[in-house]
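K.L.:
Build the 3D model from these lines:
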Amino acid sequence: MRILFVCLGNICRSPMAEFVMKDLAAKAGLELTIASAGTSGEELGNPVYPPARRKLMEHGIDPAGKTARQLSKSDYGEHDLIIGMERSNLRAMERLFGGDPEGKLRLLLDYTDRPGDVADPWFTRDFEAAWRDVSEGCRGLLNSIVKEKV
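P.N.:
Below you'll find the predicted structure:
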């Protein structure tokens with residue numbers, strides 16, 4: 001399974017989700033291909049934003065080497081699931097991809113009991129809340145994947 005996480009700039013939420021999911025999948029013994037991208041090209045080539053990197057490192061997860069990349073039209077065919085952090089990401093993805101004919105687009109918090117948007121810590125400065133949302137969403141996603149494989 002190939003999973004792509006998407007946020008606006010690909011320096012906070014989506015890389016957090018990418019690396020949390022990689023960590024969870026490895027611990028569960030699942031071989032998944034996991035990446036992240038941003039709908040905007042504004043942060044292209046920039047590393048994970050320092051407060052997001054620190055939050056990951058607090059939990060033993062190292063995002064070293066990750067740099068922001070922009071979502072491309074070809075990503076739709078290259079991934080099985082494309083998961084946005086908020087509704088505006090979903091709308092941008094639908095515009096870029098011309099809809100969602102294969103039903104691949106989701107929101108991360110749809111995998112929890114409290115669907116909605118992962119607030120952008122770039123604006124809220126609340127990286128702890130973003131961590132909680134992302135880790136809960138990734139755990140829910142992992143559970144969904146495991147159930148499908150059974």
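
K.L.:
Could you list the buried residues of the biggest helix by length in the chain?
P.N.:
In the chain, assigned by DSSP state H, the helix with the most residues is helix 127-149. Across helix 127-149, burial judged by 16 or more other CB atoms under 10 Å covers 127, 130-131, 133-138, 140-142, 145. For glycine as for every other residue, the C-beta is placed from the backbone atoms N, C-alpha and C.

K.L.:
Give me the contacts around that helix.
P.N.:
With contact meaning CB atoms under 8 Å, 6 or more residues apart in numbering, helix 127-149 is reached by 1, 3, 12-13, 16-17, 20-21, 24-25, 28, 30, 32, 51-52, 54-55, 59, 83, 85, 108-109, 111-112, 118-121, 124.

K.L.:
among these, which are in strands?
P.N.:
3, 83 (DSSP state E).

K.L.:
what sits against the closest residue to residue 8 other than its chain neighbours?
P.N.:
Spatial nearest neighbour of residue 8, chain neighbours left out: residue 40 (5.3 Å); criterion: CB to CB, 6 or more residues apart in numbering. Shown in contact with residue 40 (CB under 8 Å, 6+ apart): 8, 9, 70.

K.L.:
Next up, phi/psi of residue 119, please.
P.N.:
When read as degrees, to the nearest 10, the backbone of residue 119 gives phi -60, psi 140.

K.L.:
helix, strand or coil for the residue nearest to residue 8?
P.N.:
Under DSSP: H, G, I helix; E, B strand; the rest coil, the three-state class of residue 40 is coil.

K.L.:
How far off centre is the helix or strand bottoming out on mean pLDDT in the chain?
P.N.:
Sorting the helices and strands of the chain by mean pLDDT, DSSP states H and E puts helix 121-124 at the bottom, at a mean of 92. Going by CA atoms, centre = their mean, to the nearest Å, the spacing between the C-alpha centre of helix 121-124 and its chain's C-alpha centre is 16 Å.
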